[in-house]
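A.B. asks: After the sequence you'll find the predicted model.
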Amino acid sequence: MAIPSPHVLFVASECFPLIKTGGLADVIGALPLALEVSGHNVHVMIPGFPAVMEAARDIKQIAKIKALFGGQGTLYSARSDTGLNLVILEARHLFGVAGNPYQGADGKDRPDNFLRFAALANVAADLANGDLLNGWRADIVHAHDWQAGLCAAYLSTKPYSKVQSVFTIHNLAFQGLFPKATFAHLGLPSDMFSQEGLEYWDQVSFLKAGVIYSDRITTVSPTYAREIQTDDAGMGLGGLLKSRSNKISGIRNGIDTNIWDPQNDPALAKPYSASAIANKSANKAALQQEYGLEPTDDAPLFCVVSRLTEQKGLDLLVGAIPHIVGNGGQLAVLGSGDADLERSLTAAAKAFPGQIGLRIGYDEPLAHRLQAGADAIFVPSRFEPCGLTQLCALRYGTIPIVARVGGLADTIVDTNEAALMAKAGNGIQFSPVTFDALIGAIDRFFALYQDRQVFAALRRRAMKQDVSWAQPAQEYSNIYSALLSQAD
């Protein structure tokens, strides 16, 4: 497994198309491919959950690990169907869990998650440092979210290591907090359990470890990078992040424009493009039929593709449903999450048959059909590190209606009067994140939709927006180059 430098080792808990619970998987599945275009050699290290072992291709054993947190492990090289170079850590006592990689059948986090993801980080550090395979090491370890937060901590224990570390915070709300007693099982020096280390209010924080020990920290949008350095949005870590502001960069996410391509999407009823936008109407008709909505092109069709949580602002949207229907609109929802929100949306679908449609769960091809068939998508989040659904919506000519927070503020240009005069704007923003502000945004959309010439121009601008990984990948590449030059 001889790999030329420079080499970047991504470490993450999920990766599309092998295993996915959210947007993290989409990023891990697409960004490495974009980085390879710019000359980096990237491997993605993920846990060997059953779904991963089933989906991986060209699996070859490359190392055995005799002692791994209560059992043995095996390291494999492999590839994904999309061409990713994979390193898979299989350890059945840790990763032999079916379904959700983080939660049990009861919906609660598994209590041994600290061992599961400490093992991932520990082996990643050994691999990157050249301790597992003769003649192989990484130049950069790029760890993602709390599940890989201990990578830099383990690297810091290795004398004379030249491996540089980058830690990306995808969502600060999930910090990997565990009881103090778990620290004794991590194999880290005792002095790391301190205010200057992993300790967080007498708990162990995997995410804080990533912040403390990594050479550089990134978040998934510039606005979110600024927000998390405040007390209001810092989730208890605002002061710490502010003290490291010179190491923090905000780089907006992209999407895989090969997978998300309305001209070549096998999930769609009919392909279309910015120059053949009329074909989008066939997808709207197909979506209305699939969701049992009235088959009319005159009614604006809104959609939601999201976890159903208050963080996503969907409680506000539930309250706005009578207003949407009263003005002749339709709504199709795909998602799952909070039980109260699921019940409220189910009740709304029963109260407004033919106007409101709901699918509980997640279905990747259906998400594509929603983006293709809808006229607008709601992303009314109270906070949003970046968001990917609004980027997919732009690609498919579906107008995002978003709260002015985080990455939504960085990717959506509000189509206000000044923007219209300048022939600019690609969506609708609203602020603050309140019911009244959301209603105002909905009314603005209705007005834009009724002017077919203006709306067609808006849709074309949306589809011409660059939502690819090309620019973000270059920004990550610049960070890697800076780190490597410092190491020299």
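C.D. replies: Here it is on my side, so go on.
A.B. asks: quick one, phi psi at residue 169?
C.D. replies: phi -90, psi 110 (degrees, to the nearest 10).
A.B. asks: for residue 77, same thing?
C.D. replies: phi -100, psi 150.
A.B. asks: my guess is it meets residue 63, correct?
C.D. replies: No - here residue 77 does not reach residue 63: they are 9.6 Å apart, not a contact under Cβ atoms under 8 Å. Where C-beta positions appear, they are placed from N, C-alpha and C, glycine not excepted.
A.B. asks: how does the chain divide up, domain by domain?
C.D. replies: 7-254+470-487, 274-464 (automatic domain parsing).
A.B. asks: Of these, which is nearest residue 266?
C.D. replies: For residue 266, the closest of these is domain 274-464, at 8.1 Å, according to Cβ to Cβ.
A.B. asks: ends of that closest one, how far apart?
C.D. replies: 7 Å (Cα to Cα, to the nearest Å).
A.B. asks: again with stretch 248-256
C.D. replies: Stretch 248-256 has an end-to-end distance of 25 Å (Cα to Cα).
A.B. asks: for the record, mean pLDDT for it?
C.D. replies: For stretch 248-256, mean pLDDT is 97.
A.B. asks: all helices of the stretch 51-200 of the chain, in order?
C.D. replies: Using DSSP state H, counting those that start in this stretch, the helices of the stretch 51-200 of the chain run over 92-95, 113-128, 151-156.
A.B. asks: Reformat these as CSV; add mean pLDDT, distance to residue 484 and mean neighbour count.
C.D. replies: Putting the helices of the stretch 51-200 of the chain into CSV (pLDDT from 0 to 100; distance: least, Cβ to Cβ, whole Å; neighbours: other Cβ atoms under 10 Å) gives the following:
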stretch, mean pLDDT, distance to residue 484, mean neighbour count
helix 92-95, 96, 32, 19
helix 113-128, 98, 14, 25
helix 151-156, 98, 15, 26
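A.B. asks: Out of those, flag the one nearest residue 15.
C.D. replies: Once the helices of the stretch 51-200 of the chain are compared by Cβ to Cβ, helix 113-128 is nearest, at 12.4 Å.
A.B. asks: For the closest one, name the packing helices and strands.
C.D. replies: Packing contacts for helix 113-128, counted by 3 or more Cβ pairs under 8 Å, 6 or more residues apart in numbering; DSSP states H and E, involve strand 7-11, strand 41-47, strand 73-79, strand 85-90, helix 92-95, strand 140-144, helix 151-156, helix 206-213.
A.B. asks: Go through the last one and flag the buried ones.
C.D. replies: Yep, that's helix 206-213 we're talking about. 206-213 (16 or more other Cβ atoms under 10 Å).
A.B. asks: Check the first one too.
C.D. replies: Residues 7-11 are the ones in strand 7-11 that count as buried (16+ other Cβ under 10 Å).
A.B. asks: name the helices or strands packed onto the very next helix or strand once past that strand?
C.D. replies: Downstream of strand 7-11, the first helix or strand assigned by DSSP states H and E is helix 23-37. Contact analysis of helix 23-37 by 3+ Cβ pairs under 8 Å, 6+ apart lists strand 7-11, strand 41-47, strand 140-144, helix 470-487 as its packing neighbours.
A.B. asks: chain center to helix 23-37, what's the gap?
C.D. replies: With Cα atoms, centre = their mean, to the nearest Å as the basis, helix 23-37 stands 10 Å off its chain's centre.
A.B. asks: Over to stretch 340-352?
C.D. replies: Offset of stretch 340-352 from its chain centre (Cα atoms, centre = their mean): 27 Å.
A.B. asks: Likewise for stretch 270-278?
C.D. replies: For stretch 270-278, the separation from the chain centroid amounts to 27 Å (computed by Cα atoms, centre = their mean).
A.B. asks: tell me which residues in it are buried?
C.D. replies: 270-272.
A.B. asks: just those residues now: which is nearest residue 52?
C.D. replies: Within those, the smallest distance to residue 52 is 31.4 Å, found for residue 271 (Cβ to Cβ).
A.B. asks: ok, and what's touching the longest strand seen in the chain?
C.D. replies: Taking DSSP state E as the criterion, the chain has its longest strand at strand 57-65. Identification of contacts with strand 57-65 by Cβ atoms under 8 Å, 6 or more residues apart in numbering yields 1, 53, 72-81, 87-88, 91, 123, 127, 132-133.
A.B. asks: Just the buried subset of those, written out for ChimeraX, thanks.
C.D. replies: Here is the ChimeraX command that selects the buried residues among these (16+ other Cβ under 10 Å):
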select :53,73,74,75,76,77,78,80,87,88,91,123,127,132,133
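A.B. asks: How about residue 52: what's its closest non-neighbour residue?
C.D. replies: residue 18 (4.7 Å; Cβ to Cβ, 6 or more residues apart in numbering).
A.B. asks: residue contacts, the one you found?
C.D. replies: 46, 51-52, 55-56, 80, 86.
A.B. asks: Ramachandran angles for it?
C.D. replies: phi -80, psi -50.
A.B. asks: what about it, distance to residue 32?
C.D. replies: Separation of residue 18 from residue 32 (Cβ to Cβ, to the nearest Å) stands at 13 Å.
A.B. asks: Over to residue 360?
C.D. replies: Residue 360 is 32 Å from residue 32, by Cβ to Cβ.
A.B. asks: which stretches of the stretch 101-250 of the chain form strands?
C.D. replies: Secondary structure of the stretch 101-250 of the chain (DSSP state E, counting those that start in this stretch): strands at 140-144, 164-169, 177-179, 199-200, 203-205, 216-219, 248-250.
A.B. asks: Can you check what angle separates the second one from helix 23-37?
C.D. replies: An angle of 140 degrees separates the directions of strand 164-169 and helix 23-37 when computed by axes from the mean of the first three to the mean of the last three Cα atoms, to 10 degrees.
A.B. asks: how distant is strand 164-169 from the center of its chain?
C.D. replies: Averaged C-alpha coordinates place strand 164-169 at 16 Å from its chain's average position (Cα atoms, centre = their mean).
A.B. asks: Determine the set of other helices and strands touching it.
C.D. replies: Under the contact criterion of 3+ Cβ pairs under 8 Å, 6+ apart, strand 164-169 touches strand 140-144, helix 151-156, helix 206-213, strand 216-219, helix 470-487.
A.B. asks: which of the ones you listed has the lowest average pLDDT?
C.D. replies: helix 470-487 (a mean of 93).
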